[in-house]
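Engineer: Sequence first, then the predicted structure, then my questions.
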Amino acid sequence: MITSSQNAKIKLARALAARSKDRKKAQSFIVEGVRLTEEAMQAGWQPLLVLYSQQLSSRGMQIIETFQENGIEVEEVAVNLLNSLSDTETSQGIYAVYQQKTLPLPDSLNFILIADQIRDPGNLGTLIRTAAAAGAQAVVTPTGTTDPFAPKVLRSAMGAHFRLPILEMDWPEIARQFKTNTQSPLRFLIAEAQGGSSCWMTRLDQPIALIIGGEADGAGRAARDYADGLVHIPMPGQSESLNAAVAGSILLFEVVRQRSQH
């Protein structure tokens, strides 16, 4: 059993949980909880390392037994020490470290989400989760967006990371990949609070990249340089804008609605 905070595996877990630069350097990330670990397992992801404590539920212990049978490195950790890794009030008693990998893109792209300048981890996680539910083929996070593999993003996305390609790219790369260097270029549309055309009147059944901008200032200048148009959600009430994740969810499912009719 690991009981020291100076243990190398505890130091690794703490670094991956706390700092984006350490996740990028190690090309790894950490997930907490039974549900997310189950989601990863069902999607075929194998962890590099699993840490657990005695407070783990019987459901969680079944996961531990499966990992052990498959030769995954598993370590029991003192309860108080494992709890110190969590940024939630109550730890679920299990952490798993995964190698970061980019899932393959489909051969024919027609629907992606670009989360530009999204700084709130909960909003980004919700957008990733909703994009997966709406059938988007990828989520792209340009420079300036919060780390998509941060623990809070992973929790909010509820396992979508394990089934949906998530790409971290700068805007020139995004344009080359999805706009100019492709047989079926995507139309880049920025969601605005009030600008552009109504989403109800905009053709969203064509190949598109839907750009959801940041909570405070919307999409950045680089996104606007590459955009083909603006789209807004009509709001007959007195609110000036919607939360980024809410707006993105409405627009993602407006794409679904339109495509189901064509």
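Structural biologist: Happy to help now that I have it. The structure presented is a predicted model; accordingly, all values stated were derived computationally and were not measured.

Engineer: Let's see the lowest-mean-pLDDT helix or strand in the chain as CSV, backbone CA atoms only.
Structural biologist: Every helix and strand in the chain was compared by mean pLDDT, DSSP states H and E; the lowest is helix 79-83, with a mean of 93. Output in CSV follows, covering the C-alpha atoms of helix 79-83 (Å, rounded to 0.1, in the frame of the first residue of the first chain):
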residue,chain,number,x,y,z
VAL,A,79,-7.5,6.7,2.1
ASN,A,80,-6.4,10.1,3.3
LEU,A,81,-3.6,10.3,0.7
LEU,A,82,-5.9,9.4,-2.2
ASN,A,83,-8.5,11.9,-1.0
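
Engineer: Of all the residues in that helix, which ones are buried?
Structural biologist: For helix 79-83, the neighbour count (16 or more other C-beta atoms under 10 Å) marks 81-83 as buried. C-beta here means a position set from N, CA and C on the backbone, and glycine is covered the same way.

Engineer: now swap in stretch 113-124 and tell me
Structural biologist: Neighbour-count burial for stretch 113-124, with 16+ other C-beta under 10 Å as criterion, is recorded at 113-118, 120-124.

Engineer: what's near enough to touch A115?
Structural biologist: 124, 127-128, 139-142, 145, 212, 248 (C-beta atoms under 8 Å, 6 or more residues apart in numbering).

Engineer: out of the buried residues of stretch 113-124, which are inside strands?
Structural biologist: Under the assignment DSSP state E, the buried residues of stretch 113-124 contribute 113-115 to strands.

Engineer: Make TSV out of those and add distance to G135 and pLDDT.
Structural biologist: Formatted as TSV, those follow (distance: C-beta to C-beta, whole Å; pLDDT from 0 to 100):
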residue	distance to G135	pLDDT
L113	11	98
I114	16	98
A115	17	98
